[in-house]
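1. I would like to see how this sequence folds:
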Amino acid sequence: MQEENKQVRAAETANETWKDRILGILKGALISIGALLPGISGGALCVILGIYKRIMALLCHPIQEIKKQWKFFIFIGIGFVIGVLLGAKVIDKFLEANEAAALFLFIGLIVGSMPGLFKEARQQGVKKGSYAALVIALVAMLAWMIPMSLQGNTNVQPSFLWWIVCGVLWGLGIVVPGMSPSNIIFFFGLQAPMYAAIGDLDFSVILPMGLALLGTVLALSKGIDYCLKKQYSIFMHAVIGIVIASTIVILPPVKVLIEPGYTFATGISDWLIYGACFFFGAAAAGLLSRIQKEPVEEK
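-> As a prediction, this is how the structure comes out:
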């Protein structure tokens, strides 16, 4: 009888392990898709899915944590790669079919995620100077981005250096909860070639981006961890300011005003499509924010 109970317990443990592995792959895929989409932060998804502390522990103490949790991180990594490849293909096709509609969808995602982002920023209270940090970050970003748009310097030519910049932005999106680097990538007009290159497995793009992403998370993880522990409210409100500013400048009606030569379809049917995309994005982000009310406990 005891032997039978041992076998049952062993079978249950094996099943749990298998389930954990599949769940790890799914979590990794969701995080990578969040890194690709404007308005959905890979770092915020790490928090929602209950693995942010484990990711930060890995980044701050890589050798120690890999020894302890290498199986967990392998399956998260597999899911991340799968999500990047599949997500990039889908987004690339959408942008190719109707870029303005895609932008309105992404902006809906951003707007829908803002209440959750403000809630995240207030988790440890609102310190004096938090709203000042938000305004300063917002104004500073607009003061940088709008003149670049007016001068026609936003649609940059893809190059090895710019792919490194994209990798750095992706890295920031992983270690900073709420940071959505895709907004800035859209601002520079790099989204279409980036998604196409990833979907086509173009390693001349994937390698510099991947190495820059890895270097960024390793280099900044301890600093970001310190900021989140010591000045959480101020830091997170500054992130919100950056998100708002980088969203304003990719809104198609604003792009018409600040980006020379930019146009998009403005017929009644077009606006109906834009509205539907916006509200769908906002609703999807709202549902995701509701999950955050009861985050999965970290093991």
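
2. tell me the SS of G189?
-> Judged by DSSP: H, G, I helix; E, B strand; the rest coil, the three-state class of G189 is coil.

3. isn't it right up against S149?
-> No - at 10.5 Å, G189 and S149 do not qualify as touching, with contact defined as C-beta atoms under 8 Å. Where C-beta positions appear, they are placed from N, C-alpha and C, glycine not excepted.

4. ranges for the helices of the stretch 1-150 of the chain?
-> Using DSSP state H, counting those that start in this stretch, the helices found in the stretch 1-150 of the chain span residues 2-36, 42-48, 52-60, 62-97, 99-121, 130-150.

5. Run through the residues that contact the nearest residue to I224 once chain neighbours are set aside.
-> Distances taken as C-beta to C-beta, 6 or more residues apart in numbering place V175 nearest to I224, at 4.7 Å, with adjacent residues excluded. V175 is in contact with G43, M56, L59, T216, V217, L220, S221, I224, counting by C-beta atoms under 8 Å, 6 or more residues apart in numbering.

6. 10 Å instead?
-> By C-beta atoms under 10 Å, 6 or more residues apart in numbering, V175 lies in contact with 42-43, 46, 52, 55-56, 59, 216-225, 228.

7. okay, it: pLDDT?
-> V175 is assigned 75 on the pLDDT scale.

8. do the same with the one 3 residues further on
-> According to the per-residue confidence, G178 scores 61 in pLDDT.

9. likewise I40?
-> pLDDT, I40: 60.

10. Same question for V47.
-> V47 is given a pLDDT of 65.

11. how near is the closest residue to F188 other than its chain neighbours to E96?
-> Distance criterion C-beta to C-beta, 6+ apart; nearest residue to F188, sequence neighbours excluded, is V156 at 5.1 Å. As judged by C-beta to C-beta, to the nearest Å, V156 and E96 stand 19 Å apart.

12. do the same with W271
-> 21 Å.

13. just L190 next, same as before
-> From L190 to E96 the distance is 15 Å (C-beta to C-beta).

14. Just want to know which of these two has more residues nearby.
-> Using other C-beta atoms under 10 Å, the more surrounded residue of L190 and E96 is L190, with 24 against 12.

15. which residues does that one contact?
-> So L190 contacts 154-159, 162-163, 165-166, 169, 182, 184, 197 (C-beta under 10 Å, 6+ apart).

16. buried stuff in stretch 144-162?
-> M145, I146, M148, S149, T154, P158, W162 (16 or more other C-beta atoms under 10 Å).

17. Format those as CSV; extra columns: distance to A133.
-> Converted to CSV, the buried residues of stretch 144-162 look like this (distance: C-beta to C-beta, whole Å):
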residue, distance to A133
M145, 18
I146, 20
M148, 23
S149, 24
T154, 26
P158, 33
W162, 29
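
18. Sounds good, over and out.
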